[in-house]
Every structure is written in C-alpha cells, then in structure tokens.
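Colleague: okay, structure incoming, though there's no sequence with it:
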C-alpha cells in the first residue's frame, strides 16, 4: 500500500517502508563498484579479517572515523561559523586502529578513479598524495602549527568558500525543494507514523535537544523551539533502512520573517561494524559513542567547550588521544 501526496507522488506507508528502503539501498549499491564499497561497511571489515589483518600496521588506540570514504567528507562548521573540510559521518567511530581509516579512504579513492576510467598511474599518484598529506598533518600537529588556508589546495579552498556563503535558502532549495516552512512528501521524504510524530515533538521539548537549534547563529539559549514539520528522510547509502528523520524547527517565531528556521537530521545509531581496540573505554550507548567520537575528532574541539550532550565536559568515557 502507498499514500498519495499533494504533488501526486506515491510514498509507501509505514508497514511497507522497510522493504522499499532495502530495495533502494540495493539499487544504489549496484550502480558502480564505488557506490558498492561506500554502502557496505560491514563487508569491508570482513574482507580485512580474511587474511589481510595480519599485514596491517598496528596504530595507536585513538578515536577514528571507522567509515572514512569520500562521501563522508566535506565542509563542517561550528557555532561560530568557522569551516573546515572534515569527516562528517561518525556512525562507525570507535577507539581503534587508524590504519583502517586510511585503507577505507584509499579503497574509496581507487574505486572512484576506476569508475571514472582514469589510468592506473593516476590511482598510484592519489595513494601517494593520501600518504603524504597524512604525514604532513601529523608533522604540523606534533609541532602545534595551524593549517594555513592559503596553502590548502585550490579545490579545498573553493569548497570552503562556497560553504561559507551558503544560507538557509540554499539548504532549503537543495534539501527541501523550496523555502516554505514545510517538508514536501515524495521521493525524498515520507510521512511519519503517528507514534513517530509524537516522539519527535516530545524530543524537542527537552532543553538539551532544543539547544542544538538555539546554539546556532548566536540565538538565545532559552529561545522557544517548536516543531513545524517532520518526515522520514530517504538519505545515505549504507544507512538506508535505519531510522532517519528530517525535522524543521522554528526558533522564537522567526518563521513569519522567513529567518529563524532550522533543519535537524536525526539518525539511528547502531553497533559499529568498525573493530575497537580491546581494553579501551567507550560509551556503551551507541548515540553517546558517536557524540563522544565527534567531540574528539572535531577540528574545533576546545577543552573548555561542551556540546549539548557533554556531561561532564571532556568525559571519562574516552581514554585515547583525540586526533589522528
């Protein structure tokens, strides 16, 4: 069964949602070797374990992405508007072997090059640049040096400049198709079940969650946050089939001026496929694990700065160095 939306598109009802999502995920992964590698994190680690793991170098036990491929990297901003090109999907983050991130990223680059019919020598140069960049970053960090924006590659500088210029309207047109304070149901967004809508509304009544919206753009911490609309979000590749929601918020009634709108992405966290080092301490709750990993991997991390989920600041759940 499916429901018809206002724009005549059919969307599956709640009972048929999972079957449709599984079919979409399989179709996405069948497009190319690159998308298959991107969407199958579990098989990547199974492959590493079948005779290859003994040949890998043993890096220090540090927080790592766990799913470091090209699709999970891009511009990330903090509450002050500072932007860096960084990992922005940390579902798989664990305290583990950083060599796994390098291999995952190298495999992603190699399959992307192969899918673009680039010569093998180009792939070799890409792998050399990956290793060289990693070594240079470690050297800068060990000497306490900041990365000079002017020395970044031109492609990186262009992406960062575009990210800085982006506004709510750009996000809305890209993600929601327009700038009206509703989420259009159809190919990207499906209607919620009644229980889901009730739970989401209750979630944003919690101060720690509403602060995610009020902390941006120098808004007041006690600003009134209300849910304007919410929908199930068909997004990602390996995560298709997990719970994923888009929630449109209004802060202090600013929607009447077309200003204080905020789009929140809620994603279900499951057990990481990435292997963790034995003897390390991490949060048992998967959502808390992701938040803790994000705090340690953030390029904007400050010892005296806590996110809305940080209790206590710095925490005692991570016993490993922060960056790699």
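Modeller: Thanks, I have the structure now. The structure presented is a predicted model; accordingly, all values stated were derived computationally and were not measured.

Colleague: who touches the strand or helix carrying residue 100?
Modeller: Per DSSP states H and E, residue 100 falls inside helix 99-115. By CB atoms under 8 Å, 6 or more residues apart in numbering, the residues outside helix 99-115 that reach it are 32-34, 36-38, 44-45, 48, 56-59, 64-71, 122-123, 126-127, 130-131, 134, 274-275, 324. (Each C-beta comes from the backbone N, C-alpha and C, glycine too.)

Colleague: give me the buried subset of those.
Modeller: Applying 16 or more other CB atoms under 10 Å to the contacts of helix 99-115, the neighbour count classes 34, 37-38, 44-45, 48, 59, 64-69, 71, 123, 126-127, 274-275, 324 as buried.

Colleague: just to be sure, which of those residues are found in helices?
Modeller: 34, 37-38, 44-45, 48, 123, 126-127 (DSSP state H).

Colleague: so where do the helices sit in the stretch 51-200 of the chain?
Modeller: 99-115, 120-142, 154-165, 168-176, 194-203 (DSSP state H, counting those that start in this stretch).

Colleague: if you average pLDDT over each of those helices, which is lowest?
Modeller: Within the helices of the stretch 51-200 of the chain, the stretch with the lowest mean pLDDT is helix 168-176, showing a mean of 58.

Colleague: and the pLDDT at residue 257?
Modeller: 53.

Colleague: tell me the contacts of residue 194?
Modeller: No contacts exist for residue 194 under CB under 8 Å, 6+ apart.

Colleague: how much space between it and residue 233?
Modeller: 18 Å (CB to CB, to the nearest Å).

Colleague: again with residue 279
Modeller: Taken as CB to CB, the span from residue 279 to residue 233 is 37 Å.

Colleague: so between those two, which is more surrounded?
Modeller: Of the pair residue 279 and residue 233, residue 233 is the one with more neighbours under other CB atoms under 10 Å, namely 19 against 8.

Colleague: do I have it right that the more buried one meets residue 243?
Modeller: No. The pair residue 233 / residue 243 is not scored as a contact, 9.5 Å apart, by CB atoms under 8 Å.

Colleague: what is the burial count for residue 186?
Modeller: Neighbours of residue 186 under the rule other CB under 10 Å: 17.

Colleague: so residue 22, which of the three states?
Modeller: helix (DSSP: H, G, I helix; E, B strand; the rest coil).

Colleague: for the closest residue to it other than its chain neighbours, give me its contacts.
Modeller: Closest residue in space to residue 22, ignoring its immediate chain neighbours: residue 241 at 5.8 Å, by CB to CB, 6 or more residues apart in numbering. Neighbouring residues of residue 241 by CB under 8 Å, 6+ apart: 18, 21-22, 25.

Colleague: what about residue 241, distance to residue 209?
Modeller: Residue 241 is 24 Å from residue 209, by CB to CB.

Colleague: hey, what's residue 64 bridged with?
Modeller: As for beta bridges, residue 64 partners with residue 94 under DSSP bridges.

Colleague: how near is residue 113 to residue 126?
Modeller: Counting by CB to CB, the separation of residue 113 from residue 126 is 6 Å.

Colleague: same question but for residue 45, I mixed them up
Modeller: From residue 45 to residue 126 the distance is 22 Å (CB to CB).

Colleague: go on, residue 273?
Modeller: Taken as CB to CB, the span from residue 273 to residue 126 is 25 Å.

Colleague: what do you get for residue 17?
Modeller: Distance of residue 17 to residue 126, computed by CB to CB: 39 Å.

Colleague: tell me which residue is most central in this protein.
Modeller: With distances taken as CA atoms, centre = their mean, residue 89 lies nearest the centre of the chain, 2.5 Å away.

Colleague: quick check: that one touching residue 74?
Modeller: No. The pair residue 89 / residue 74 is not scored as a contact, 9.3 Å apart, by CB under 8 Å.

Colleague: now the contacts of residue 241 as TSV including neighbour count?
Modeller: What follows is the contacts of residue 241, written out as TSV (neighbours: other CB atoms under 10 Å):
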residue	neighbour count
18	11
21	19
22	12
25	19
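
Colleague: mind checking pLDDT for the residue nearest to residue 22?
Modeller: Model confidence at residue 241 (pLDDT) stands at 76.

Colleague: no further queries at this time; thank you.
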